[in-house]
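Test case, fold it:
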Amino acid sequence: MNIGIDFTHDLGYSGIGTYCRSLTESMIRIEPENQYNILTLHNTIKEVQKHFTQFRNIVYSGLFPNPMVAGSSLKKLIIRTHPSIWKKLARNYDLVHFTHQGYFVPGIDNAAVTIHDLIKLYNRSYTTIETNHPLFQKTKEMINDAVTIFVPSEFVRREINNHFPGCEQKVRVTYEGIKPLYRKTPPDPATLRKYGLADNRRFFLYVGRYEARKNLDRLMLAYAQLPATLKKDTRLVLICPTEIKSTRELQKKISDAGLEKNVLHLTHVSDNDLVHLYNAAIALLFVSFSEGFGLPLVEAMNCGCPAIIANCSSLPEISGGASLLVDPHDTDSIRHAMLAISEGSQLRNDLSKKCAVRAQRFSWDTTAQETLKGYHAMHC
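The predicted structure follows:
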């Protein structure tokens, strides 16, 4: 097969970036006979190539102009040129895979798309999808146009089937995987010291963005309400690679809550360092109002790190009974779980064993195999 894969969007250290790179690497290993065409912005080819230096059967195409090449004033104008480029390029391939739903181009008859979640369609409390949302009709058009739709969980599949009936046969669940790097290993003291964790104090860990649906405000409130003796011995570490404005906002909230000595906010942590933080933490705190999958959860699980997670969206499905569930809207529920896991060594040990077993369910090779099955079905 001659496959075009969308790399035009911002990859960075986001979950989408991990998905694109890890999926592509695994597919190349499993079916090296295919031709893989990475389609990206003109000025990002060299950056993307760094991730695939060991592979030779990749063709890089940078026909898409960077939206910011002429400054913000012309950004929208340049973005409008992308669909026409896509429609011309798509004719050269057996199929094109839009790896991020936000960049899907309608009107291409050999297009697959990954819908990671429907979060942008939810109301502010993340409990109900708004059918009158401006993006709802655009999502409907995408679902109708795509030949195959990949989703990361049964939860997302159900949400799509419930709100866009008639597409059931084209939706495929392809759980995401875990980088081999994330595994159980003794925490490296030097790495912990690097981030100001040299005094061997215990800590809770959060990994992800700082945005409303991640529920950090309520998470910090629950932590603030823990007994003073517990906070003295157990810090809260927030790994949030945010923009400058968001970083200032988060740091102000930490200061306003009087938690400067208790909460450690980190913005740049490499994968090689993060694995040691997962292994050292007493628990991952992941109480989002909505997640399509939740990569930090499975990464932590494979490191044997217990997790406190929200009892909604995809998280209970992904955890498979290996984590403590809480009501993300209830601060007391989160606080009680933090108390239970900090005071119960047997509970932590039991959860650590369960989550390490459950994590074996998730593999990028499995994701790639299921994705390739979808490709072959399109190509028949």
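
Which strands or helices does the helix or strand bottoming out on mean pLDDT in the chain pack on?
Each helix and strand of the chain was given a mean pLDDT (mean pLDDT, DSSP states H and E); the minimum falls on helix 75-79 at a mean of 77. Packed against helix 75-79, as judged by 3 or more Cβ pairs under 8 Å, 6 or more residues apart in numbering; DSSP states H and E, are no other helices or strands. C-beta coordinates here come from the backbone N, C-alpha and C atoms, glycine included.

which residues touch the helix or strand following it?
Taking DSSP states H and E as the definition, the helix or strand that follows helix 75-79 towards the C-terminus is helix 82-90. Judged by Cβ atoms under 8 Å, 6 or more residues apart in numbering, the contacts made with helix 82-90 from elsewhere in the structure are 4, 8, 39, 61, 63-64, 96, 103, 105, 107-108, 110-111.

what distance separates helix 82-90 from the middle of the whole chain?
27 Å (Cα atoms, centre = their mean, to the nearest Å).

again with stretch 328-343
Between the centre of stretch 328-343 and the centre of its host chain there is 24 Å, according to Cα atoms, centre = their mean.

same question for that stretch, mean pLDDT?
Regarding stretch 328-343, the rounded mean pLDDT is 96.

Which residues belonging to it are considered buried?
By neighbour count, with 16 or more other Cβ atoms under 10 Å as the criterion, the buried positions of stretch 328-343 are 328-329, 331, 333-335, 337-338, 341-342.

just so I have it, where are all the strands in the stretch 101-250 of the chain?
Listed from the start of the chain, the stretch 101-250 of the chain has strands (DSSP state E, counting those that start in this stretch) covering 111-114, 148-151, 171-173, 202-207, 234-239.

ranking those by burial, who's on top?
Between these, strand 111-114 has the highest mean count of neighbours, a mean of 26, where neighbours are mean count of other Cβ atoms under 10 Å.

Restricting to C-alpha, output that strand in CSV.
Taking Å, rounded to 0.1, in the frame of the first residue of the first chain, the C-alpha atoms of strand 111-114 are listed here in CSV:
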residue,chain,number,x,y,z
ALA,A,111,-9.5,9.3,3.8
ALA,A,112,-9.3,7.7,7.2
VAL,A,113,-9.4,9.9,10.4
THR,A,114,-8.6,9.4,14.0
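
and it, what other elements does it pack with?
With contacts defined as 3+ Cβ pairs under 8 Å, 6+ apart, the secondary structure elements packing on strand 111-114 are strand 95-98, strand 148-151, helix 364-379.

Give the pairing partners of that strand; include direction for each.
strand 95-98 (parallel), strand 148-151 (parallel) (DSSP bridges).

Just the helices from the stretch 151-300 of the chain, written as ranges.
Under the criterion DSSP state H, counting those that start in this stretch, helices of the stretch 151-300 of the chain are mapped to 154-163, 189-194, 216-224, 228-233, 244-256, 271-280, 295-302.

picking up where we left off before, what is the nearest of the buried residues of stretch 328-343 to Leu197?
Ser342 (16.2 Å; Cβ to Cβ).

tell me which element that closest one falls in.
With elements delineated by DSSP H and E, Ser342 resides in helix 331-343, which encompasses its position.

tell me which element Gly4 is part of?
Secondary-structure element containing Gly4, defined by DSSP H and E: strand 2-6.

Which helix or strand lies directly C-terminal to that strand?
Following strand 2-6 in sequence order, the next helix or strand is helix 15-30 (DSSP H and E).

What's the first helix or strand after that next one?
Counting by DSSP H and E, the element after helix 15-30 in chain order, helix or strand, is strand 35-41.

who does whichever helix or strand comes after that next one touch, helix- and strand-wise?
Using DSSP H and E, the helix or strand that follows strand 35-41 in sequence is helix 45-49. Helix 45-49 sits against strand 58-64, with contacts defined as 3+ Cβ pairs under 8 Å, 6+ apart.
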